[in-house]
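1. fold the following for me, if possible:
(one chain, ligands or ions: 2)
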Amino acid sequence: MDRSVPPGEIQGELTPPCSKSYAQRALAAALLAEGESTLRNIELCDDTRSAMRCIEALGADVTVVDPHTLKIRGGLAPRGRTLHVGESGLSTRLFTPIAALAGVPLRIEGEGTLLRRPMTMMIAPLRQLGVEVRHRDGFLPFDVCGPLHSATVEVDGSVSSQFITGLLLALPAARGEFTIDVRRAVSTPYIDMTVEAAHRFGAEILHNGYTQFYIEGGQRYRPTDYSIEGDWSAAATLLVAGAVAGEVTLHNVSILSKQADTAVCTALVRAGAELIHEADRITVRRRPLRAFEFDATQCPDLFPPLAALAAACEGESLITGTSRLAHKESDRAETLREEYAKVGIEIDLSTPDVMRIRGGAIRPARVFSHGDHRIAMSMAVSALRSSGAITIEGAEAVAKSYPRFFEDLESLRVN
Ligand SMILES: O=C(O)C1=C[C@@H](OP(=O)(O)O)[C@@H](O)[C@H](O)C1
Ligand SMILES: C=C(OP(=O)(O)O)C(=O)O
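-> Ligands and ions are numbered 1, 2, ... in the order given. Here you go, the predicted model:
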């Protein structure tokens, strides 16, 4: 689907959708908790729908109470032999170890961009835990058959934190004692989110600076009444839109959240935007923007919105951590370079791990999302600053995390 976004000013207030990262963790924990949990402030996107399908396939009963509330009766008792994880990297790496808890053969199947994303990091640790694993050269589909046995496992954390999240949520419900030695943990705030979500459902995880985790098995997840936080990744995009094209106030996002993408506030302040934080709302106002430097290694989902911010700044911004981008929905550093070139913004990737973006005039063009929601949203924000409309091909990709994104952005338009 094409979506044409004209330039213009924005001003207004919005509530971003719930964090899909927390929603997927909460769905998994509610599956593992025997009894009825309530999830509030949930708003479905493709990735949370995938997680919901997975927990139903694994035995949970999900009742939609109203559009923002789910009741979940937990209990692991697989109903079929296949989990469909859609395009969600997190659902894949989260529900594979949980599937292995069940002790029956289960297949994990995905689609679209996910079929090109590496899953190799799961193979050796799962085998060390006694799981039978079959796979297609390290890519989906995966066939697993548990159960999980006591072990000390080594995990390569350098590509993604998501499989660590999967182990951390699965192992408290397994029998035995577990130590996970992690080499080169990345995206560590996402690990904090996992530990926090598990704790809310009554499971405890100990760790020592993300290098060694200790988990006692046989813990009982407790049914919980859990309200899902607003999403800082969506908030980051909307705040950048406000900083480059007017003013935006967001509700239900707390700066005290453990979400990785709260770090967007640092980048906005460095770029010269005005940021006002009051209780659970935050306002950003456009000011003259200057080039900024920022390390996004631990918050890789900020690259696309920060590219839109840098394109609107005077001078050359420098964002480090591009090595984290190769295995997202697209090779995001390369995709940003290719698509921003079409609108007249040069992105230089010649220095390893660094993205240099020279701000300047943005011109109308036809660009492509590469099936990547964050690329589509980044280009839409830059369109606000363009001298004419930018047409985004593959704009439907936003449904992965933020289905109402374009409607929300349009609702802020003042001219
Ligand atoms: O655990 C999570 O919810 C996520 C972790 C991050 O992935 P990596 O750990 O692969 O960087 C992030 O990019 C992704 O959007 C969501
Ligand atoms: C990378 C992302 O998600 P996932 O890895 O869960 O597919 C994302 O939402 O940007």
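2. up against ligand 1, what does the stretch 201-350 of the chain have?
-> 300-301 (CB under 6 Å from any ligand atom). (Glycine included, C-beta is placed from N, CA and C.)
3. all strands for the stretch 201-350 of the chain, in order.
-> 206-208, 212-216, 225-227, 246-251, 274-278, 281-285, 293-295, 316-320, 347-348 (DSSP state E, counting those that start in this stretch).
4. how far out from the middle of the chain is the fifth one?
-> Using CA atoms, centre = their mean, to the nearest Å, the mean C-alpha position of strand 274-278 is found 24 Å from that of the whole chain.
5. picking that back up, which stretch among the strands of the stretch 201-350 of the chain approaches residue 4 most closely?
-> strand 246-251 (19.6 Å; CB to CB).
6. hang on, the earlier thing: with mean neighbour count, mean pLDDT and distance to residue 239 as added columns, please give the strands of the stretch 201-350 of the chain in JSON lines.
-> Listed next are those as JSON lines, based on neighbours: other CB atoms under 10 Å; pLDDT from 0 to 100; distance: least, CB to CB, whole Å:
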{"stretch": "strand 206-208", "mean neighbour count": "12", "mean pLDDT": "96", "distance to residue 239": "31"}
{"stretch": "strand 212-216", "mean neighbour count": "18", "mean pLDDT": "98", "distance to residue 239": "33"}
{"stretch": "strand 225-227", "mean neighbour count": "16", "mean pLDDT": "98", "distance to residue 239": "22"}
{"stretch": "strand 246-251", "mean neighbour count": "20", "mean pLDDT": "98", "distance to residue 239": "6"}
{"stretch": "strand 274-278", "mean neighbour count": "13", "mean pLDDT": "95", "distance to residue 239": "8"}
{"stretch": "strand 281-285", "mean neighbour count": "19", "mean pLDDT": "97", "distance to residue 239": "5"}
{"stretch": "strand 293-295", "mean neighbour count": "17", "mean pLDDT": "98", "distance to residue 239": "14"}
{"stretch": "strand 316-320", "mean neighbour count": "20", "mean pLDDT": "98", "distance to residue 239": "16"}
{"stretch": "strand 347-348", "mean neighbour count": "18", "mean pLDDT": "98", "distance to residue 239": "21"}
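7. got a list of what the nearest residue to residue 254 once chain neighbours are set aside touches?
-> In space, and not counting its chain neighbours, residue 254 is closest to residue 280: 5.4 Å by CB to CB, 6 or more residues apart in numbering. Each residue near residue 280 by CB atoms under 8 Å, 6 or more residues apart in numbering is listed here: 251-254.
8. ChimeraX command to pick out the buried ones of those residues?
-> With 16 or more other CB atoms under 10 Å as the burial test, the buried ones among the contacts of residue 280 are selected in ChimeraX as follows:
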select :252,253,254
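9. quick one: which of the contacts of residue 280 is nearest to residue 350?
-> residue 253 (35.7 Å).
10. dump the residue contacts of the nearest residue to the closest one once chain neighbours are set aside.
-> Of all residues not flanking residue 253 in the chain, residue 230 sits nearest, at 4.2 Å (CB to CB, 6+ apart). Each residue near residue 230 by CB under 8 Å, 6+ apart is listed here: 15-19, 41, 250-254.
11. how about those in CSV, adding distance to residue 80?
-> Shown next, in CSV, are the contacts of residue 230 (distance: CB to CB, whole Å):
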residue, distance to residue 80
15, 36
16, 34
17, 29
18, 27
19, 28
41, 29
250, 40
251, 39
252, 36
253, 37
254, 39
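12. these: which two are farthest apart?
-> 17 and 254 (15.2 Å).
13. pretty sure residue 128 contacts residue 151?
-> Yes: using CB atoms under 8 Å, residue 128 makes contact with residue 151 at a distance of 5.1 Å.
14. where does the stretch 301-415 of the chain have low pLDDT?
-> Applying pLDDT under 70 to the stretch 301-415 of the chain flags no residue at all.
15. taking it, what residue is nearest to ligand 1?
-> residue 301 (4.7 Å; CB to the nearest ligand atom).
16. check contacts around the closest residue to that residue other than its chain neighbours.
-> In space, and not counting its chain neighbours, residue 301 is closest to residue 233: 4.9 Å by CB to CB, 6+ apart. Neighbouring residues of residue 233 by CB under 8 Å, 6+ apart: 19-21, 259, 261, 301-302, 374, 401.
17. helices - which of these land there?
-> Residues of those located in helices (DSSP state H): 20-21, 374.
18. nearest to residue 307, out of the strands of the stretch 201-350 of the chain?
-> strand 347-348 (7.0 Å).
19. name the strands paired with the following helix or strand past the closest one and say parallel or antiparallel.
-> Next helix or strand after strand 347-348 toward the C-terminus (DSSP states H and E): strand 354-358. Next to strand 354-358 in the sheet, as set by DSSP bridges, lie strand 316-320 (antiparallel), strand 347-348 (antiparallel).
20. what residues of the very next helix or strand once past strand 354-358 count as buried?
-> Heading C-terminal from strand 354-358, the first helix or strand you meet, by DSSP H and E, is strand 366-368. For strand 366-368, the neighbour count (16+ other CB under 10 Å) marks 367-368 as buried.
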